[in-house]
Structures are given as structure tokens and as C-alpha cells.
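*Asks:* sequence first, predicted model second:
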Amino acid sequence: MTIQPAQEKKILGLLGLAQRARQLTTGEELVVAGLSKKQITLVFLASDTGVNTQKKIKDKANFNHIPVVEIFTTQQLTQAIGQPRKVIGVNDPGFAKGMVSLMR
């Protein structure tokens, strides 16, 4: 999936806003747990994540019918939320809907 740089910037801005609003779950283990509990509505997975982590997150997300977005690098996700993370789960359906609409 390719999106315009302006849309990328808006999505990353929304990620930062969601982080400040405490509507994100970050880190591999916490995201897997959130997916199991159906607390996450959208997952961002860094495009440079290891194969094992990718498989683990994608399998759990697909099982729960949660979309996984792999358009950002670890560096971009880290800059957006201010913490070094490769896996980010969006908890709030409103934020998730806004981000998905920017990707279309």
C-alpha cells in the first residue's frame, strides 16, 4: 500500500495525538494481549520488524479480524509516539477510523 506523504504525516500526527490521549497499546506482548481481549481496533507494524514478530502479530490480528498496517518504519513510529516501538495497537475506534480513512 502506498500513500501520499501528506497522508503519512497526518496519520503519524494522529498516532501522536492518540498516544497523548492514552489510546494506544505499544509493544509486542501488550498488543498481542490486547488483540486477545479484543481491545485493539487497528495495528501498526513497522515494515522493518523481524519475521517472527510479524507472523505472531499478523496471525493474532487476522484471527480477530483486525487490520494490520505496515507502511511505516520503526523510526517513523518512534518519532510519532516518542517511544521506540515496532508494534502499536490503536484502542479507540474513532482514531482507528480516522487513520484508515486517510489510507484510502
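*Replies:* Structure's in. What do you need?
*Asks:* is the residue nearest the centre of the chain in a bridge, and if so with what?
*Replies:* When the chain is reduced to its mean C-alpha position, the nearest residue by C-alpha atoms, centre = their mean turns out to be Phe44, at 2.1 Å. Applying DSSP bridges to Phe44 yields these beta-bridge partners: Val69, Ile88.
*Asks:* quick one: the strands in this protein?
*Replies:* Ranges of strands within the chain are 24-26, 42-45, 68-69, 87-90, based on DSSP state E.
*Asks:* mean neighbour count, the ones you listed: which tops it?
*Replies:* The highest mean neighbour count among the strands of the chain belongs to strand 87-90 (a mean of 26), with neighbours defined as mean count of other C-beta atoms under 10 Å. Using the backbone N, CA and C atoms, a C-beta is placed for each residue, glycine as well.
*Asks:* and it, how far from the chain's centre?
*Replies:* Relative to the chain's own centre, strand 87-90 is displaced by 4 Å; criterion: C-alpha atoms, centre = their mean, to the nearest Å.
*Asks:* which elements pack onto it?
*Replies:* helix 5-20, strand 24-26, helix 28-36, strand 42-45 (3 or more C-beta pairs under 8 Å, 6 or more residues apart in numbering; DSSP states H and E).
*Asks:* how about these in TSV, adding mean pLDDT and distance to Lys56?
*Replies:* TSV is the format used below for these (pLDDT from 0 to 100; distance: least, C-beta to C-beta, whole Å):
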stretch	mean pLDDT	distance to Lys56
helix 5-20	95	21
strand 24-26	97	15
helix 28-36	97	7
strand 42-45	98	10
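*Asks:* can you tell which of these is closest to Gly94?
*Replies:* Checking those against Gly94 by C-beta to C-beta gives helix 5-20 as the closest, at 9.3 Å.
*Asks:* could you dump the closest one to CSV, C-alpha only?
*Replies:* What follows is helix 5-20 as a C-alpha-only set of coordinates in CSV (Å, rounded to 0.1, in the frame of the first residue of the first chain):
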residue,chain,number,x,y,z
PRO,A,5,3.5,12.0,2.0
ALA,A,6,0.8,14.4,3.2
GLN,A,7,-1.4,11.5,4.3
GLU,A,8,1.6,9.8,6.0
LYS,A,9,2.2,13.0,8.0
LYS,A,10,-1.5,13.2,9.1
ILE,A,11,-1.6,9.5,10.1
LEU,A,12,1.6,9.9,12.2
GLY,A,13,0.2,13.0,13.7
LEU,A,14,-3.0,11.1,14.7
LEU,A,15,-0.8,8.4,16.2
GLY,A,16,0.9,11.1,18.4
LEU,A,17,-2.4,12.5,19.4
ALA,A,18,-3.7,9.0,20.3
GLN,A,19,-0.6,8.4,22.4
ARG,A,20,-1.2,11.7,24.3
